[in-house]
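Q: Just to be clear, the model below is a prediction. Sequence and coordinates:
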Amino acid sequence: MLSELNEVTDHLFISSMRSVNVAALQRKGITCIINCSLLVPNYEIEAFRYVPITIEDNEKADISQFFEEVSCIIHEEHAAGGRTLVYCVAGISRSATLCIAYLMKYQDMTLRNAFRHLRSRRRIIRPNNGFFQKLIEYERHLYNQTTVEMVRVPNADSPDCLVPDVFYEVCKGIVWLRSNKKYFNK
């Protein structure tokens, strides 16, 4: 999963840096590359439109400053008949956040549906909590309402431990497995 180019739509892909090589890009018909990683060099590959996005993967980073720019680039590339790849180091947080913002703006998805759709295409996505808060604000900006909220984690050591409620959908299976662990260790 980490080393795949995952198709989000017929014109948008997400991946980790490990997946970015000319052969894979050509196989998928990628014409635009959006690199939102800091830890790897920004390689400009000829024959591709290349867009570096400088953002750290931490909860305090303001990724929302890139929502409109990246969404417009993906939309324009699609309108011109191209395909876009958005990648970061692992293809889990930064690139996922930017893909979700695009899905909300140009595919008319709610935040909840955009998260579910992207997760169905790349199971390992998990925007950090700060990025998710920015996505909630962006959804409110786009639709004057939100479909995801930050909720307190039960039994957390800190009362300010908040996560997006969609993560509970992801965690249900894990909780069930842990609660039934005794049956699997026989």
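A: Nice, I can see it. In this text the structure is predicted, and so the values were computed from the model without any measurement.
Q: wait, what's in contact with the residue most central in space within the chain?
A: The structure's the chain has its C-alpha centroid closest to residue 96; by CA atoms, centre = their mean the separation is 0.7 Å. Residues near residue 96 by CB atoms under 8 Å, 6 or more residues apart in numbering: 14, 118, 122, 125-127. To be clear about C-beta, it is placed using only N, CA and C from the backbone, and glycine gets the same treatment.
Q: quick one: which two of the residues you listed are the most distant?
A: Using CB to CB, the contacts of residue 96 span at most 12.6 Å, a distance reached by 14 and 126.
Q: burial of residue 60, as a residue count?
A: Residue 60 sits with 7 neighbouring residues when counted by other CB atoms under 10 Å.
Q: need the contact list for it.
A: Residues in contact with residue 60, defined by CB under 8 Å, 6+ apart, are residue 130.
Q: just to confirm, which helix or strand has it in it?
A: If you go by DSSP states H and E, residue 60 is not part of any helix or strand.
Q: Can you give me the separation between it and residue 146?
A: 21 Å (CB to CB, to the nearest Å).
Q: quick one, phi psi at the nearest residue to residue 122 once chain neighbours are set aside?
A: Closest residue in space to residue 122, ignoring its immediate chain neighbours: residue 6 at 4.2 Å, by CB to CB, 6 or more residues apart in numbering. With angles defined as degrees, to the nearest 10, residue 6 sits at phi -90, psi 130.
Q: what about residue 6, how many neighbours?
A: Residue 6 has 21 neighbouring residues, counting by other CB under 10 Å.
Q: surely it meets residue 121?
A: Yes: counting by CB atoms under 8 Å, residue 6 touches residue 121, with 5.1 Å between them.
Q: Residue 124 touches residue 95, doesn't it?
A: No: look at residue 124 against residue 95 with CB under 8 Å: they stay out of range, at 11.2 Å.
Q: Pick out whichever of the two has more residues nearby.
A: Higher neighbour count among residue 124 and residue 95: residue 95, with 32 against 13, using other CB under 10 Å.
Q: Can you check my assumption that the more buried one lies in a helix?
A: Yes: assessed by DSSP: H, G, I helix; E, B strand; the rest coil, residue 95 belongs to a helix.
Q: any idea of the pLDDT on it?
A: The model reports residue 95 with a pLDDT of 98.
Q: ok, back up a step: the contacts of residue 96 in helices, which ones?
A: In helices, defined here by DSSP state H, the members of the contacts of residue 96 are residue 118.
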